[in-house]
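Novice: whatever this is, show me its structure:
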Amino acid sequence: MMETSTRDFFIGLSLAVLSCFFIGSSFIIKKLGLLRLRGSTSTPAADGGFGYLQDWVWWTGLITMGIGEASNFAAYAFAPAALVTPLGALSILVSAVLAPKFLNEKLNILGKIGCMLCILGSSIIVIHAPKEGDVNSIQELNKKIFESGFAYYVLVVATLAIYSIKFIVPRYGKKNVAVYIFICSSIGSLSVMCCKGLGLCIRESMSSPERSALNKQFFLFLIPLVICIVVQMNYLNKALDSFSSNLVNPVHYIFFTSFVILASSILFQEWHHIAGVDVFATLIGLTVVIIALFLISSFNDSQITLSEIYSSSSRKYLN
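Specialist: Below you'll find the predicted structure:
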């Protein structure tokens, strides 16, 4: 039994690390696909173009991301969620390491510190924030959606996303990375909940062979999921086409993680069942993430190296 448990742990760990490599690499590959379109007659993604749908490099990146997400999902079947979820932040490091080599993008010392703080803060949030509750049937999930107030969350997110697309994107979309990422991540939090519903439909059909997975409930989750994914991919591509991947990746991770935690806490009402120390730790994690975001976004274009900081400190010491 102990040998089996240890084997499962290392299988889960390997799948989680493999997932980070694929997801981190997918950002770089999709960015390369978008760069290939520059100088061509295709309208850039940042201007509303969809020429990347005809580029095999971009599709390779999308497939790579799909493999990574599948590996991450499989990892939960073997290793504890407390291990798998924080490891997801390692995809930021993968893309940060690959970007200078393949995209000629520079990551200065402050950006590297910001990435490390991003991982630290996100890990604290994931470990201490409310966890997804146990839902064992579609009927129970449907009941929670309306009784928990999650339906109002969906309405607020949809309203803010539509408002941002219509009024904020035209003015600030290419100036502030948070505009595109907000739309992508907020809608993305709804897609995670749709995946939960689809999983329950499939599980119930497997436990009861006489029940088909392709019932009305299945499509009620599938159709919104497809819409959410299309919106996510569209605005993530706009962000990648307008900003450095070293900026997009950590900001996307921060926003997406925060919105998923918020959505799951509303749906499953876990805030009522956690200790005060966990609430405090979550606030600390959010503070660390905000500091990381500031370091990455504010000094992203500054060419600051460790040797320059050391030389400056040495001159001050000698003076």
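
Novice: quick one: Val57 from Thr64, how far?
Specialist: Counting by CB to CB, to the nearest Å, the separation of Val57 from Thr64 is 11 Å. Just so you know, the C-beta spots here come from the backbone N, C-alpha and C atoms, and that holds for glycine as well.

Novice: look at the two and report which has more neighbours.
Specialist: Remark: of Val57 and Thr64, Thr64 carries more neighbours, 20 against 17, as counted by other CB atoms under 10 Å.

Novice: can you tell me the helix or strand for the more buried one?
Specialist: Taking DSSP states H and E as the criterion, Thr64 maps to helix 56-75.

Novice: mind listing what's buried along that helix?
Specialist: Along helix 56-75, these residues count as buried under the neighbour rule (16 or more other CB atoms under 10 Å): 57-58, 60-62, 64-65, 67-68, 71-72, 74-75.

Novice: show me which of these is closest to Thr257.
Specialist: Asn72 (13.2 Å; CB to CB).

Novice: can you tell me which residues contact the closest one?
Specialist: 15-16, 19, 23, 84, 88 (CB atoms under 8 Å, 6 or more residues apart in numbering).

Novice: again, only using 10 Å
Specialist: 15-16, 18-20, 22-23, 84-85, 87-88, 91 (CB atoms under 10 Å, 6 or more residues apart in numbering).

Novice: tabulate the residues you listed (a markdown table), appending distance to Leu295 and secondary structure.
Specialist: Below are these laid out as a markdown table (distance: CB to CB, whole Å; DSSP: H, G, I helix; E, B strand; the rest coil):
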| residue | distance to Leu295 | secondary structure |
| --- | --- | --- |
| Leu15 | 31 | helix |
| Ala16 | 26 | helix |
| Leu18 | 29 | helix |
| Ser19 | 26 | helix |
| Cys20 | 21 | helix |
| Phe22 | 27 | helix |
| Ile23 | 22 | helix |
| Val84 | 27 | helix |
| Thr85 | 23 | helix |
| Leu87 | 22 | helix |
| Gly88 | 20 | coil |
| Ser91 | 19 | helix |
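
Novice: what is the most widely separated pair among those?
Specialist: Pairwise over the contacts of Asn72, using CB to CB, the maximum falls at Phe22 and Thr85, 16.4 Å.

Novice: lowest-confidence member of the contacts of Asn72, which is it?
Specialist: The lowest pLDDT within the contacts of Asn72 belongs to Thr85, which sits at 61.

Novice: surely Ile162 meets Val156?
Specialist: No. Applying CB atoms under 10 Å, one finds Ile162 not in contact with Val156, separated by 11.0 Å.

Novice: nearest to Ala151 among the contacts of Asn72?
Specialist: Ala151 lies nearest to Thr85 out of those, by CB to CB, at 26.1 Å.

Novice: not counting sequence-adjacent ones, nearest residue to Ile113?
Specialist: Spatial nearest neighbour of Ile113, chain neighbours left out: Leu295 (6.0 Å); criterion: CB to CB, 6 or more residues apart in numbering.

Novice: typed the wrong thing, it's Asp278
Specialist: His128 (4.3 Å).

Novice: so how far is Leu190 from the closest residue to Leu93 other than its chain neighbours?
Specialist: Spatial nearest neighbour of Leu93, chain neighbours left out: Cys115 (6.3 Å); criterion: CB to CB, 6+ apart. As judged by CB to CB, Cys115 and Leu190 stand 27 Å apart.

Novice: for Gln232, same thing?
Specialist: Distance, Gln232 to Leu190, using CB to CB: 10 Å.

Novice: so these two - more neighbours on which side?
Specialist: Ranked by neighbour count (other CB under 10 Å), Gln232 and Leu190 place Leu190 first, with 24 against 20.

Novice: list the contacts of that one.
Specialist: Contacts of Leu190 by CB under 10 Å, 6+ apart are 150, 153-154, 157-158, 161, 224-225, 227-228, 231-232, 259-260, 263.

Novice: helices - which of these land there?
Specialist: 150, 153-154, 157-158, 161, 224-225, 227-228, 231-232, 259-260, 263 (DSSP state H).

Novice: taking those residues, please make a ChimeraX selection of just the buried ones.
Specialist: Buried subset of those, written as a ChimeraX selection, criterion 16+ other CB under 10 Å:
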select :150,153,154,157,161,224,225,228,231,232,259,260,263
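
Novice: please consider this matter closed, and thank you.
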